[in-house]
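Novice: Sequence first, then the predicted structure, then my questions.
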Amino acid sequence: MKKILIPLIISVGCLINAQIGISRASVSNNSVSLQFGDNENKGLILPYVTDKNSITEKGTMIYDTTDNKVKYLKDTNTWFDLSVNTIGIADLSLQGSDKTEQPGAKVSIDTTGGNKSTAGILVLEDTNKAMVLPKVANPHLTIINPDAGMIVYDTSKRQLAVFNGKMWSFWKP
């Protein structure tokens, strides 16, 4: 019975649509794959990267430890600086040389049920769903101890807020 039940459960699990709410009961609509809770004073921390040369996936967002800036990959080999020409600071002691990277470790959220091979720690693989950033009113005042690489949506100014370890940068469409 176990031999039949376990593959059946795994097969059914692959067919479930992946939509995740963090600090919330559910996502707001069908266009969302990952959504954070509203009205909090916490942000999303981007991965600290020491060598971005092997990253090729457009739209990837990182905290570049070589120059302490928040960046995203706009085009192949073209990184866009979201830190607005300011150099931040970050405590990299937790990422010492004695840490072993696990290249296969990642979380993939997609509703296609396919086996995607996109590189990354957290990969949202849907073509018709998006991530909704944590929403924080006045993050430069509300988040007391932000970490380098933090990114949120400022609900007061209605813009993207990025912390590079030294100061906040704000991006309005």
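Specialist: Cool, got the structure.
Novice: what packs against the helix or strand containing L141?
Specialist: If you go by DSSP states H and E, L141 is part of helix 139-142. Counting contacts by 3 or more CB pairs under 8 Å, 6 or more residues apart in numbering; DSSP states H and E, helix 139-142 packs against strand 150-154, strand 159-163. Heads up, the C-betas are built off the backbone N, CA and C, glycines and all.
Novice: And for the first one, what's in contact with it?
Specialist: The reference is to strand 150-154. Residues outside strand 150-154 that contact it (CB atoms under 8 Å, 6 or more residues apart in numbering): 43-46, 61, 70, 132-139, 143, 159-163, 170.
Novice: mean confidence for it?
Specialist: Computed over strand 150-154, the mean pLDDT rounds to 90.
Novice: mind listing what it pairs with, with the direction of each?
Specialist: strand 44-45 (antiparallel), strand 135-136 (parallel), strand 159-163 (antiparallel) (DSSP bridges).
Novice: how about the lengthiest strand in the chain: buried residues?
Specialist: In the chain, taking DSSP state E as the definition, the longest strand is strand 69-75. Buried residues in strand 69-75, counting neighbours by 16 or more other CB atoms under 10 Å, are found at 69-73.
Novice: do stretch 147-166 as well
Specialist: Buried residues in stretch 147-166 (16+ other CB under 10 Å): 148-155, 160-165.
Novice: Let me have the residues you listed in a markdown table, adding distance to I87 as columns.
Specialist: Formatted as a markdown table, the buried residues of stretch 147-166 follow (distance: CB to CB, whole Å):
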| residue | distance to I87 |
| --- | --- |
| A148 | 11 |
| G149 | 14 |
| M150 | 16 |
| I151 | 17 |
| V152 | 21 |
| Y153 | 24 |
| D154 | 22 |
| T155 | 28 |
| L160 | 19 |
| A161 | 18 |
| V162 | 14 |
| F163 | 13 |
| N164 | 7 |
| G165 | 9 |
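Novice: Which of those sits closest to L82?
Specialist: V162 (4.7 Å; CB to CB).
Novice: okay, the helices and strands packed on helix 139-142 in JSON lines with distance to L122 next?
Specialist: Listed next are those as JSON lines, based on distance: least, CB to CB, whole Å:
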{"stretch": "strand 150-154", "distance to L122": "13"}
{"stretch": "strand 159-163", "distance to L122": "17"}
